[in-house]
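1. quick check, what structure comes out for this input:
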Amino acid sequence: MTTVSSSTSSSTTTASSAAASARTSLAGDYTNFLKLLTTQLQNQDPLSPMDTDKFTSQLVQYSQVEQQLATNTKLDTLAASSASASQAAAVNYLGAKIDLNNALTELTSSGATVTYKLASEATDVDLSFYNSDNKLVYTQVGKLAAGVNTVTWDGTLDDGTQAAAGTYRVAISAKDATGAAVSSTVDSSGTVTSVNFAADGVTLGVAGTTVPLSSVNTVSIPQS
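-> Down below sits the predicted model:
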């Protein structure tokens, strides 16, 4: 089942309500200020007229605050529109297969695919698979060529039994002919089953966990 969840709408509503409340408060203060100014002008001593500089300064300040609130409202609207567009685009990931730059892989009936990169050629590469309890369940010899390599684990465990379907963490160990470590990174792939919208960005549900949208390397639509 694919799902879409969002917490950004409530954040946007809260921000809009706060802006509206601020504008209402400012309008009330401004009205009271004008009433006070009118009353004082009507009752001033003709022989000692009031100094209007202070009132003028306050009028200017009210105007500046009002303009700033209007600008903030427009920015909130723009941000909400941008967020809506991003959310609409992210929903298109549902059901798609994505390649990720993280060390998680999903084991299904067709196995688990792991992609990794080697900074240089290695003479020894081991891929270790850990279950959700962080227990090592299988170790596989990897390809040695520099650059991008792909291997598939069929789910067979070290004891010959079949591993349960689910999410597994992959660790890589690569060494060169001298025994020195070769720089390596692990990518993984999976099908997007959910899209989650939060205040800190979009995350995708893949292989039983959530990953940030920024971790996606490639997207492909499964052939029917």
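2. domain map for the protein?
-> 3-91, 97-219 (automatic domain parsing).
3. by mean pLDDT, show me the worst of the ones you listed.
-> Per-stretch mean pLDDT for the domains of the chain is lowest at domain 3-91 (a mean of 65).
4. what about the longest strand in this protein?
-> Across the chain, the longest stretch assigned as strand under DSSP state E is strand 184-198.
5. so what are the sheet partners of the following helix or strand past it and their directions?
-> The first helix or strand that comes after strand 184-198 along the chain, using DSSP states H and E, is strand 201-206. Strand 201-206 pairs in its sheet with strand 184-198 (antiparallel), strand 209-212 (antiparallel), by DSSP bridges.
6. CSV for those strands, including mean neighbour count and distance to K117?
-> Where you see a C-beta, it was placed from the backbone N, CA and C, and this is true even at glycine. Formatted as CSV, the strands paired with strand 201-206 follow (neighbours: other C-beta atoms under 10 Å; distance: least, C-beta to C-beta, whole Å):
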stretch, mean neighbour count, distance to K117
strand 184-198, 19, 5
strand 209-212, 16, 18
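7. the closest residue to N102 other than its chain neighbours and V195, how far apart?
-> Counting by C-beta to C-beta, 6 or more residues apart in numbering, S215 is the residue found nearest to N102 once chain neighbours are left out, at 5.5 Å. Separation of S215 from V195 (C-beta to C-beta, to the nearest Å) stands at 14 Å.
8. redo the strands paired with strand 201-206 as TSV? Include distance to S109.
-> Putting the strands paired with strand 201-206 into TSV (distance: least, C-beta to C-beta, whole Å) gives the following:
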stretch	distance to S109
strand 184-198	13
strand 209-212	20
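9. fine by me, we can end here.
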